[in-house]
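Student: Give me coordinates for this.
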Amino acid sequence: MDNEINSGGRSLLPARRVFGYTLVAAAVAVLLTGCQNSGSGVEVSAGDSAAAEAPDGARGSGEKRDDGPRRLLWMGDSIGEAQAPALDAAMEAGGVTFESVAAAGGGGVVGEIAAPTWDRLPKTLKSFAPDVVAYQVTTYDWGAPAEQRAAYERLVKTVNEAGADLLLVSAPPFKLDDFYQPHEKEIESAPRSAKSVADKHPDTAAFLDASALWGDDSGAEQAQRSKDGIHSCQQGSAAFADWFGEQLERRYGFAPAAADAWATGEWTGDKVYSRLGCA
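Tutor: Down below sits the predicted model:
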């Protein structure tokens, strides 16, 4: 049974911008085979009006900057792992060094299951030295809202102390099978918890709401899920990478490469897609 996952606090793009994203996704669909879907995109960052209200010298997350990213670290679970090859290609085409620590069966930061993430993260921050870290809320961020907020606060602190910004990204809707159904309320509250934390740190963190790219229904065409109803194939991953590049452009002044410069590269043959049964 498919379920909706609402991230909360969403705003919608003007129709003409949504249409523009749909055209981009359609162009990627022509280039790629695999998942036969399309999508659109929107970004909701912490404190969109903060730039106008912030005192002189303060940085609001709605304010475009010119200081990054140059080195981007991607975090998440197996959903993020399936998105990583496309992100790598898009970031490389845009002149950004990319590294992914997204992990199948884990990758989260909430609860006991997150212990491997917390053990590895400080080492990765030191060795890779990113200036931007993007964490996609995982399917394993289980816990009460207070526990989720505490974990995301810890993540902001850890990343900021390493000299990097943190982008908290909402997960796409995914099928709540027998494994996930007992945690439905926790899965629903996680993006709201992430946004509330990002809102408290407008200078160094932001929340990116991908719901207008994916929608809220994992079974709908817009969600671009693979056969398992959870992950994305090449086309969905490319659509996300294209959307994510625009979010970086809005926040940092980053100039993303056009999708046709990277969307049909070698990354489309990554083994992660064969494991998912993608064409």
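
Student: residue boundaries of the strands in this structure?
Tutor: 71-75, 97-100, 132-136, 165-169, 205-208 (DSSP state E).

Student: tell me what the fourth one is packed against?
Tutor: Translated: strand 165-169. strand 132-136, helix 145-161, helix 184-199, strand 205-208, helix 234-252 (3 or more C-beta pairs under 8 Å, 6 or more residues apart in numbering; DSSP states H and E). C-beta coordinates here come from the backbone N, C-alpha and C atoms, glycine included.

Student: most tightly surrounded among those?
Tutor: strand 205-208 (a mean of 28; mean count of other C-beta atoms under 10 Å).

Student: Listing partners with orientation, what would you give for that one?
Tutor: strand 165-169 (parallel) (DSSP bridges).

Student: So, low pLDDT: which residues of the stretch 1-150 of the chain?
Tutor: 1-67 (pLDDT under 70).

Student: could you redo the last one with a cut-off of 50?
Tutor: Counting by pLDDT under 50, the stretch 1-150 of the chain has low-confidence residues at 1-25, 30-62.

Student: That one: helices as residue ranges?
Tutor: 15-31, 50-53, 78-93, 115-128, 145-161 (DSSP state H, counting those that start in this stretch).

Student: sorry, back to before: of the helices and strands packed on strand 165-169, give the one that comes closest to residue 112.
Tutor: Closest to residue 112 of those is helix 145-161 (C-beta to C-beta; 10.9 Å).

Student: Now do the closest one against strand 165-169: the angle between them, please.
Tutor: Counting by axes from the mean of the first three to the mean of the last three C-alpha atoms, to 10 degrees, helix 145-161 lies at 150 degrees to strand 165-169.

Student: who touches helix 145-161?
Tutor: For helix 145-161, contacts defined as C-beta atoms under 8 Å, 6 or more residues apart in numbering pick out 109-111, 114, 121-122, 125, 133, 135, 141, 143, 165-166, 168, 186, 189-190, 192-194, 196-198, 200-201, 204-205.

Student: circling back to that earlier point, may I see the strands of the chain organised as CSV, with distance to residue 224 added?
Tutor: Listed next are the strands of the chain as CSV, based on distance: least, C-beta to C-beta, whole Å:
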stretch, distance to residue 224
strand 71-75, 18
strand 97-100, 19
strand 132-136, 15
strand 165-169, 16
strand 205-208, 17
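
Student: To residue 225, which of these lies closest?
Tutor: That would be strand 132-136 among these, by C-beta to C-beta, at 14.9 Å.

Student: and that closest one, which strands flank it?
Tutor: With DSSP bridges as the test, strand 132-136 is paired with strand 71-75 (parallel), strand 165-169 (parallel).

Student: thinking residue 187 is in contact with residue 173, fair?
Tutor: No. Counting by C-beta atoms under 8 Å, residue 187 stays clear of residue 173, with 9.9 Å between them.

Student: What's the local residue count around residue 176?
Tutor: 22 (other C-beta atoms under 10 Å).

Student: 6 is where my numbering starts, stick with that
Tutor: Fine by me, first position is 6 from now on; the one you just mentioned is residue 181.

Student: For it, give me phi and psi.
Tutor: phi -90, psi 90 (degrees, to the nearest 10).

Student: And for residue 178?
Tutor: Backbone torsions for residue 178, taken as degrees, to the nearest 10, come to phi -70, psi 140.

Student: Give me the neighbour count for the residue nearest to it when sequence neighbours are not counted.
Tutor: Excluding its sequence neighbours, the residue lying closest to residue 178 (C-beta to C-beta, 6 or more residues apart in numbering) is residue 223, at 4.1 Å. As a burial measure, residue 223 scores 21 neighbours (other C-beta under 10 Å).

Student: The one 3 residues further on too?
Tutor: Applying other C-beta under 10 Å, we find 13 other residues in the vicinity of residue 226.

Student: Which pLDDT value goes with it?
Tutor: Predicted confidence (pLDDT) for residue 226: 82.

Student: for the one 3 residues further on, same thing?
Tutor: In this prediction, residue 229 carries a pLDDT score of 87.

Student: try residue 181
Tutor: Reported pLDDT for residue 181: 89.

Student: So it is in contact with residue 190, correct?
Tutor: No. Contact criterion C-beta under 8 Å: residue 181 and residue 190 do not qualify, at 10.9 Å.

Student: For residue 80, list the residues it contacts.
Tutor: Residues near residue 80 by C-beta under 8 Å, 6+ apart: 105-107, 112, 122, 126, 138-141.

Student: Nothing else from me, thank you.
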